[in-house]
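Chemist: Dropping a prediction and its sequence here:
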Amino acid sequence: MTSIWVESLGRNFQEALDLMQAAVQDCTDKLWEESMWLVPRDEVWWGSLRGSDGTVNTDPAVQDELIQRFGAPWFRAWHALEVLDYDLAGEMEPWKPPAPFHLGQTGDVHRVWARTEILGYVQWCRDRVRKTLEHMTDEKMATPLPPSHRYRGQPYAWNLTSLPGHTIEHASQIKQFINDCQRGA
């Protein structure tokens, strides 16, 4: 029998993914690639500006255009889902995102993901959450994250319980952007 807190966590994931799905579905084609805010150059992970050949375009105008993609609905949705998917694995099992996301393009702003691809990733994450929580134990939740994880040493539960909030944060940003644009703000 699943504990009440695991069941509650599952409900939180469900609500977060429902909100992300609604945000992605509600985002118009016109807004899908628009930046929701001005992304400062100092907040950019420069490795993500590398093209498929591994080089960074040195043209400032091209760089500025790519940098603004970090604030686009497609990117924020992808980022939230990728973090959720990766952190469900917690580096305690191999992380294998679904096609086409399995190509190792973390943070790449050259490739704009289609709405259908993002919605497919939402469904993938729903399944991953269900499978992850299905056999959850207190022992697993207390397991420290391995040294290879960015939150190494913290209990798996600490990281896992923060994931719905992170997903809600980015889905809410997208929803707010859509609402502001509809109101002409």
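Modeler: That came through, no problem.
Chemist: State the mean pLDDT of stretch 8-19.
Modeler: Throughout stretch 8-19, pLDDT has a mean value of 97.
Chemist: Grab the most central residue of the protein for me.
Modeler: Geometric centre of the chain, nearest residue: residue 80, 1.7 Å, by Cα atoms, centre = their mean.
Chemist: my guess is it meets residue 171, correct?
Modeler: Yes - Residue 80 is within contact range of residue 171, at 6.9 Å (criterion: Cβ atoms under 8 Å). Glycine gets a C-beta too; all of them are placed from N, C-alpha and C.
Chemist: what's the overlap in contacts for these two?
Modeler: Residues within reach of residue 80 and of residue 171 at once, by Cβ atoms under 8 Å, 6 or more residues apart in numbering, are residue 20.
Chemist: Least confident secondary structure element in the chain?
Modeler: Ranking every helix and strand in the chain by mean pLDDT, DSSP states H and E puts helix 60-68 at the bottom, with a mean of 85.
Chemist: List the contacts of the one helix or strand residue 85 maps to.
Modeler: Element membership for residue 85 (DSSP states H and E) is helix 73-89. In this structure, residues lying in contact with helix 73-89 by Cβ under 8 Å, 6+ apart are 20, 23-24, 27, 31-34, 36, 69, 95, 97, 101, 106, 109, 112-113, 115, 118, 121-122, 124-125, 128-129, 132, 159-160, 163, 166-167, 169-171, 173-174, 177-178.
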